[in-house]
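Colleague: Quick one, what's the 3D model for this:
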Amino acid sequence: MDSIPPVPRRVLGRTGLSIPAVPFGTQGFGGNFGPVADEEAVALIQRAVALGVNHFDCARCYGDSLRKLGLALRVIPREQVIITGRVCCHSAARWGGYGEGRPDYSAERAMRDVEDQLELLGITYFDGVLIHDPGEIEPTLAHGGTLEGLLRLKACRLVRNVGYGMRPHDFHLRALATGEIDFCLCFNDYNLVRQTAADRLLPAAAEAGVGVLNGWSILQGLLTGVDIAEGLAAGQWRNNPNAPRALEIQRWCGEEGIDLLTLAIQFCLREERIHGNPIGSLNIPQLEANIRAASTPLPDEVWQRFGERFLTGGRP
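Modeller: The predicted structure follows:
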């Protein structure tokens, strides 16, 4: 009998998609955080689906993840998985990848990009596509812009839901005001260290019925339980402004006998206006640890003590 508990699920706003509370961010096996061979990636994806983590959030800028996910989708029926993708808007580099220059915000480019990604993955539709990290919001909203391209794809069912994945909350509010988006992704703004997404973004998204994915719930690995003090001594995270606070929380967890990863994920799950917290995994043990953390609620007394120690106003 499998000892891994069932992963909690939530409905991603008006998309109607039932997603795991910890979707699989495909950057985990894309090679950006360490090598993951093709056969390892396929086995990891299959294990995730078997355990209920069947939502894969992917992007071209996530290393070699699209090709590897495509390999797995040759042996996993399409109806068993939820796949959200991105149209990257980082620069003028090919397909909006990282580089220099202004991105191509045209509807035509967005449509070509999505169609090419579908071919790479070997599938006929995305469950959702996000406009990813635009440096400007206006050209994505303009007539003939990126959002219009995704809406055209939605009309012909190549994309089922559309949205934005980005940091600036003002950008999110502009996108929400269109009434056209179905879900969004924020990052680094709702976790044990920072909760600024609760100020304006989460209330606005909830009012609009828009689903919310919460990136960096584990702060790029700071909140997984790795030894932060040791990492800082070795030069890791030296310039990360979140590291000192994360270290303080880790030491508190040690005093309290609480697993930091569980605290980090359960903290985000207590916010019902957040529907999914994408986390990448390099291997099956990491995947299973994330599921256990998502499936292990902590007593109210823990949150009382955490709130009194770390949160303005006390209890989260």
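Colleague: okay, Ser3: pLDDT?
Modeller: Note for Ser3: predicted pLDDT of 86.
Colleague: In the chain, where is pLDDT below threshold?
Modeller: Along the chain, the model assigns pLDDT under 70 to residues 1-2, 313-316.
Colleague: Identify the residue nearest the geometric centre of it.
Modeller: The chain has Pro278 as the residue nearest its centroid, 3.4 Å off, counting by C-alpha atoms, centre = their mean.
Colleague: Quickly list what the nearest residue to it once chain neighbours are set aside is bridged to.
Modeller: In space, and not counting its chain neighbours, Pro278 is closest to Gly25: 3.9 Å by C-beta to C-beta, 6 or more residues apart in numbering. All C-beta atoms are positioned from the backbone trio N, CA, C, and that covers glycine. Bridge pairing for Gly25 (DSSP bridges) gives the partners Asp57.
Colleague: And for Gly25, the neighbour number?
Modeller: 24 (other C-beta atoms under 10 Å).
Colleague: What distance do you get for it to Leu185?
Modeller: Separation of Gly25 from Leu185 (C-beta to C-beta, to the nearest Å) stands at 10 Å.
Colleague: so what's in contact with these two at the same time?
Modeller: Taking C-beta atoms under 8 Å, 6 or more residues apart in numbering as the contact rule, Gly25 and Leu185 both touch 57, 215, 278.
Colleague: could you dump those to CSV with distance to Glu308?
Modeller: Formatted as CSV, the shared contacts of Gly25 and Leu185 follow (distance: C-beta to C-beta, whole Å):
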residue, distance to Glu308
Asp57, 34
Gly215, 28
Pro278, 30
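Colleague: ok, of those, which one's closest to Tyr125?
Modeller: Asp57 (15.5 Å; C-beta to C-beta).
Colleague: Val22 is in contact with that closest one, correct?
Modeller: No: the criterion here is C-beta atoms under 8 Å, and Asp57 misses it with Val22 at 10.8 Å.
Colleague: how about the helices in the protein?
Modeller: Assigned by DSSP state H, the helices in the chain fall at 38-50, 65-72, 107-121, 138-141, 146-155, 169-177, 201-208, 228-233, 243-256, 260-269, 284-294, 300-310.
Colleague: Determine which stretch of those helices is the most buried.
Modeller: helix 260-269 (a mean of 23; mean count of other C-beta atoms under 10 Å).
Colleague: Touching stretch 273-280 from outside, list them.
Modeller: In contact with stretch 273-280 (C-beta under 8 Å, 6+ apart) are residues 10-13, 19-30, 33, 55, 57, 183, 185, 190, 202-203, 205-206, 211-215, 217-218, 265, 268-269, 290, 294.
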